[in-house]
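*Asks:* please work out how this folds:
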Amino acid sequence: MPETHFSAAVETIERWRTDYPDTFQRFSSILNLEVDQFIRKLTTNDEEAYQTFAEMHPQLTAGSIFNPFVNANVVDVFDKVNTALKAKGYSGMYVVYDEFGKYLETSISRTTESEMKLLQDFAEKMRP
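*Replies:* Numbering: from 1, shown residues only. Okay, here's the model as predicted:
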């Protein structure tokens with residue numbers, strides 16, 4: 001599981017703490033642990049803590065499923081996965097984007113500067 005999943009859970013809990021005190025209080029009351037201890041588990045990539053958070057999220061947010069990619073930086077996600085693969089003995093990953101030329105041809109006129117920056121950052125991170 002990418003490290004970004006755990007950090008997204010922590011960011012959500014911290015957002016509840018500062019911006020949604022009622023949700024934070026409900027979260028704290030149904031958690032079988034002190035919130036700060038739970039956050040420490042998430043920061044050490046404890047998969048059981050993450051699963052607990054993902055299961056609790058719908059109860060606290062009117063049924064919405066936790067999506068760790070909502071505010072995620074795509075470049076960081078790929079970089080962390082690539083790093084994890086290398087730690088497992090792989091040399092990295094290949095990213096194949098079929099019909100990329102057609103994508104550029106059809107969208108270059110309406111592509112924003114930030115989208116082009118994202119593509120550039122992604123390409124630079126994926127270099128060996």
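*Asks:* buried set for the helix or strand of the chain with the lowest mean pLDDT?
*Replies:* Counting by mean pLDDT, DSSP states H and E, the weakest-scoring helix or strand in the chain turns out to be helix 100-107, with a mean of 71. By 16 or more other CB atoms under 10 Å, helix 100-107 has no buried positions at all. No exception for glycine: its C-beta is placed from N, CA and C like everyone else's.
*Asks:* now the angle from the following helix or strand past it to helix 100-107?
*Replies:* The helix or strand immediately downstream of helix 100-107 is helix 113-125, counting by DSSP states H and E. Counting by axes from the mean of the first three to the mean of the last three CA atoms, to 10 degrees, helix 113-125 points 170 degrees away from the direction of helix 100-107.
*Asks:* average pLDDT across helix 113-125?
*Replies:* The average pLDDT within helix 113-125 is 76.
*Asks:* so what touches it?
*Replies:* Applying CB atoms under 8 Å, 6 or more residues apart in numbering, the contact partners of helix 113-125 are 74, 75, 78, 79, 82.
*Asks:* got it, and stretch 68-85?
*Replies:* Outside stretch 68-85, the residues touching it (CB under 8 Å, 6+ apart) are 2-5, 8-9, 11, 92-93, 95, 118, 121-122, 125-126.
*Asks:* I am finished for the moment; much appreciated.
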